[in-house]
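Trainee: Here is a sequence together with a model predicted from it:
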Amino acid sequence: MTSGKNGLLPPSFVSNLQNVLKNRKLEKPPEEEEQKHQEEEAKIEVPAEQKTCIEDLERNEDLRPIVLVTNEDGIEAPGLKCLVEALVNGGRFNVHVCAPESDKSGSGHCVSVRQTLVASSVGIKGATAYEVSGTPADCVSLGLSGALFPWKKPSLVISGINKGSNCGYHIIYSGAVAGAREALMSGVPSIAISLNWKKAESSDSDFKEAVEVCLPLIYAAVQDTEKDLFPKGCLLKVDIPTRPSANKGFKLTGQSTLRLTSNWQPVTLHRHLAGQYMSKEQSLGIQLAQLSQAASAAGAARRLNLRRKNIEVESVGEAGKQETQSVAVKKYFRVEFSEHEHGEMDDDLDYGALEQGFVTITPLGLTCNAQLDTCTSVATWITTAIDQDAPASL
């Protein structure tokens, strides 16, 4: 590079340099730019409601109503999956799930006493979920305890969607109804939802239709619990007809006397062991190992009992056979329920209305008080029984 006279820089270079310096003077330091940006944002007026929403999001808090979901068919059941997916996609609720790790159908309101339960986290998109090694009643009790979740009282507990109706006397055996009842006992509004599943007609896709049918009821229930307008002192038992999309509407019903006929079948020891272990969700190798171990233990027990005075005999059950007192007999039975149900078909009761295609809503309370005429009859009997003279001594 050659310089001009007096060792000065070339005029073109000086001109370019002056332009660069001039532009740089116009540019403010990053700190000043950030400060100016913050001042401009502060001048923008944000509506109070929107500002509150932004602050909540910044604190990462979810202020949506909390809904707790459980069931009796197990956390992998399609009824629960469809329900949770719809609740999450709706975006209205903060959805939590606490459900049995396996099928607990027919468990009733059984609770696990003197047992340690295991709650394992499960990945369900959009929800906080745990599977529990207990009954539906255990799951709801644990979920509401504050020990598992950071809250104690959700807006609503939903039990379902159950595979099979819960009409009539079914509610006594039903783990799904028990889950809702456990919530009611804790003062939390609850709904038990069931689909009238029929082997020859139903498929898993029916659960999606069942969800669409009951979603408006769920939305209304949560909205009214927030306003303290939801019915108190009862849970709502909802039964959805076999073809959900073809339902005739909602109908308030009473509880019928529907019941299933139980059929007890005698089984062999090997079938008992197979049914006991094969029903568990384990690998075949583990099942066979447990089966072999159990059979060996049974054989060892028999050999040990041979040395004792009282001999234990394992056999297939036989009706009407009188055993001698010196022999302790162990028999094995399995119960099977008939598909033919017996009970009232009144249009105003759950079973009759459900079979006609209505979505039945049956309020259920916690007390089991008898009807007024029955109470009158009992009062008369008690009076008579107490007034009777004591029986003469023998």
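Mentor: Happy to help now that I have it.

Trainee: Domains in the protein, by residue range?
Mentor: Following automatic domain parsing, the chain resolves into domains at 66-258+360-364, 261-340.

Trainee: Comparing those domains, which comes out most buried?
Mentor: Compared across the domains of the chain, domain 66-258+360-364 shows the largest average neighbour count, a mean of 20 (mean count of other CB atoms under 10 Å). C-beta: built from backbone N, CA, C; applies to glycine.

Trainee: Now render the domains of the chain as CSV, adding mean pLDDT and distance to L372.
Mentor: Formatted as CSV, the domains of the chain follow (pLDDT from 0 to 100; distance: least, CB to CB, whole Å):
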stretch, mean pLDDT, distance to L372
domain 66-258+360-364, 96, 15
domain 261-340, 61, 30
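
Trainee: Quick one: closest of those to D348.
Mentor: domain 66-258+360-364 (6.0 Å; CB to CB).

Trainee: quick one, helices of the stretch 151-300 of the chain?
Mentor: 170-173, 175-185, 205-226, 269-278, 284-306 (DSSP state H, counting those that start in this stretch).

Trainee: residues in contact with E212?
Mentor: 86, 244-245 (CB atoms under 8 Å, 6 or more residues apart in numbering).

Trainee: Out of the domains of the chain, the one nearest D346 is which?
Mentor: Checking the domains of the chain against D346 by CB to CB gives domain 66-258+360-364 as the closest, at 6.8 Å.

Trainee: Would you reformat the domains of the chain as TSV and include distance to T384?
Mentor: Formatted as TSV, the domains of the chain follow (distance: least, CB to CB, whole Å):
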stretch	distance to T384
domain 66-258+360-364	28
domain 261-340	35
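
Trainee: Nearest to I382, out of those domains?
Mentor: Checking the domains of the chain against I382 by CB to CB gives domain 66-258+360-364 as the closest, at 25.4 Å.

Trainee: how far away is G106 from V188?
Mentor: 24 Å (CB to CB, to the nearest Å).

Trainee: go on, D228?
Mentor: 13 Å.

Trainee: same deal with W197?
Mentor: Counting by CB to CB, the gap from W197 to V188 is 27 Å.

Trainee: With S174 instead?
Mentor: 18 Å.

Trainee: ditto for V118
Mentor: Counting by CB to CB - V118 and V188 are separated by 24 Å.

Trainee: ditto for Q255
Mentor: Taking CB to CB, one finds Q255 at 22 Å from V188.

Trainee: Then E226?
Mentor: Distance from E226 to V188, counting by CB to CB: 13 Å.

Trainee: do the same with A137
Mentor: Distance from A137 to V188, counting by CB to CB: 13 Å.
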